[in-house]
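> got a sequence here, can you build the structure:
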Amino acid sequence: MSRPLHDLILPPELPPGFSIRSLVGVNDVDAWVALHRAAFGTQNMTVEYRLAMLDAPGYDPELDLVVMASGGELSAYCVGFISQEENLLTGQKVGFIEASRSITFSKVL
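Numbers count the residues shown, from 1 in each chain. Next up is the predicted model:
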């Protein structure tokens, strides 16, 4: 999923009770890893690997988005990267918990 950087990005339309925000770095990593594991049904993602992602070249915390449910739990995420060479914004990783699969978070993220 990618789009040219010059395209207008409309504000997201979320269902009531949900909000989007940037990942709060180290503070959200445990919850993010749990969300990733639930979304993909695997234990392959680790806290250590996710922490390393925060320090990766090209990482932009403003493009590391999470969807929060009204109770504060993370429901979905998308990690984006900008390719200046291709003039593209790319969402490279998108994940949802099973209870949120009927909501089209991929479109709003």
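
> longest helix of this structure, counting residues only.
helix 25-40 (DSSP state H).

> list the buried residues for that one?
Counting neighbours by 16 or more other C-beta atoms under 10 Å, one finds that the buried residues in helix 25-40 are 28-29, 31-33, 35-36, 39. The way it works is simple: take the backbone N, C-alpha and C, and place the C-beta from them, glycine included.

> what of stretch 41-51?
45, 50.

> reformat the buried residues of helix 25-40 as CSV; add pLDDT and distance to residue 75.
Output for these, formatted as CSV (pLDDT from 0 to 100; distance: C-beta to C-beta, whole Å):
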residue, pLDDT, distance to residue 75
28, 95, 13
29, 96, 16
31, 95, 10
32, 94, 11
33, 96, 15
35, 92, 8
36, 92, 12
39, 87, 10
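
> rewinding a little: just checking, what packs against the longest helix of the chain?
helix 47-54, strand 64-68, strand 74-83, strand 88-96 (3 or more C-beta pairs under 8 Å, 6 or more residues apart in numbering; DSSP states H and E).

> for the shortest one, enumerate the helices and strands it packs against.
For strand 64-68, the contact count by 3+ C-beta pairs under 8 Å, 6+ apart identifies strand 19-22, helix 25-40, strand 74-83 as packing neighbours.

> low-confidence stretches in the protein?
1-10, 12, 83-84, 86-109 (pLDDT under 70).
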